[in-house]
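Colleague: below are the sequence and a predicted model; questions follow.
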Amino acid sequence: MSENCIFCKIANGEIPSATLYEDEDFRVILDLGPASKGHALILPKEHAANIFELPDDLAAKAIVLAKKIATTLKEGLHADGVNIVQNNGEVAGQTVFHFHMHIIPRYKGDTVNMGWKPGELTEEAKEEILGLFKNA
Ligand code: AMP
Ligand code: ZN
């Protein structure tokens, strides 16, 4: 647990939260500033600032848990779809620096906005990026 980390305190029960689910590794809570009805956050109990610091075993468990939470929310709230979002770094929109996954139910006609303008894949960029994975 990291001192002065609000999600460490919430995940470990030091600060109360609207908890949807809890096990030995995670707590799932309702977001206080929901993008849509049912917006939930998956928080590991162990501190990791972002996905790069998250141990592989917790990363694997997190996606299975995300599937379970997304399923219950979608069915229970009659949502039409679900976004699973995970931000790393300020430039990527991260505001709380304790790894978390957003589960955001989507409803036809809602006003949730997480789009981007499609760019163009240049030959130069493609070759550079393919090169990163040649020996991976
Ligand atoms: P991100 O921008 O990906 O770091 O997401 C942070 C999320 O945490 C935002 O959606 C906030 O609304 C939410 N949030 C911040 N503080 C709290 C809190 N104390 N309880 C619940 N959700 C929170
Ligand atoms: Zn933390």
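Modeller: Cool, the structure landed. Ligands and ions are numbered 1, 2, ... in the order given.
Colleague: what's the closest non-adjacent residue to residue 31?
Modeller: residue 39 (4.3 Å; C-beta to C-beta, 6 or more residues apart in numbering). All C-beta spots, glycine's among them, are computed from the backbone N, C-alpha and C.
Colleague: next one, pLDDT for the residue of the chain found nearest ligand 1 please.
Modeller: Closest contact between the chain and ligand 1, by C-beta to the nearest ligand atom, is at residue 33 (3.2 Å). Listed pLDDT for residue 33 reads 98.
Colleague: next one: residue 135
Modeller: So, for residue 135, pLDDT stands at 81.
Colleague: what's around it, how many residues?
Modeller: By other C-beta atoms under 10 Å, 5 other residues sit near residue 135.
Colleague: before we move on, what about residue 79?
Modeller: Neighbours around residue 79, by other C-beta under 10 Å: 19.
Colleague: dump the residue contacts of it.
Modeller: Residue 79 sits next to 36, 38, 73, 105-107 when contact means C-beta atoms under 8 Å, 6 or more residues apart in numbering.
Colleague: which pLDDT value goes with it?
Modeller: pLDDT at residue 79 comes out at 98.
Colleague: check the one 10 residues further on too.
Modeller: With respect to pLDDT, residue 89 scores 98.
Colleague: measure residue 65 to residue 78 for me?
Modeller: 22 Å (C-beta to C-beta, to the nearest Å).
Colleague: so which of those two has more stuff around it?
Modeller: Neighbour tally, residue 65 and residue 78, criterion other C-beta under 10 Å: the higher count belongs to residue 65, 20 against 9.
Colleague: nearest residue to the residue sitting nearest the centre point of the chain other than its sequence neighbours?
Modeller: The centre of the chain sits closest to residue 101, judged by C-alpha atoms, centre = their mean, with a distance of 1.4 Å. Spatial nearest neighbour of residue 101, excluding adjacent residues (C-beta to C-beta, 6+ apart): residue 42 at 4.3 Å.
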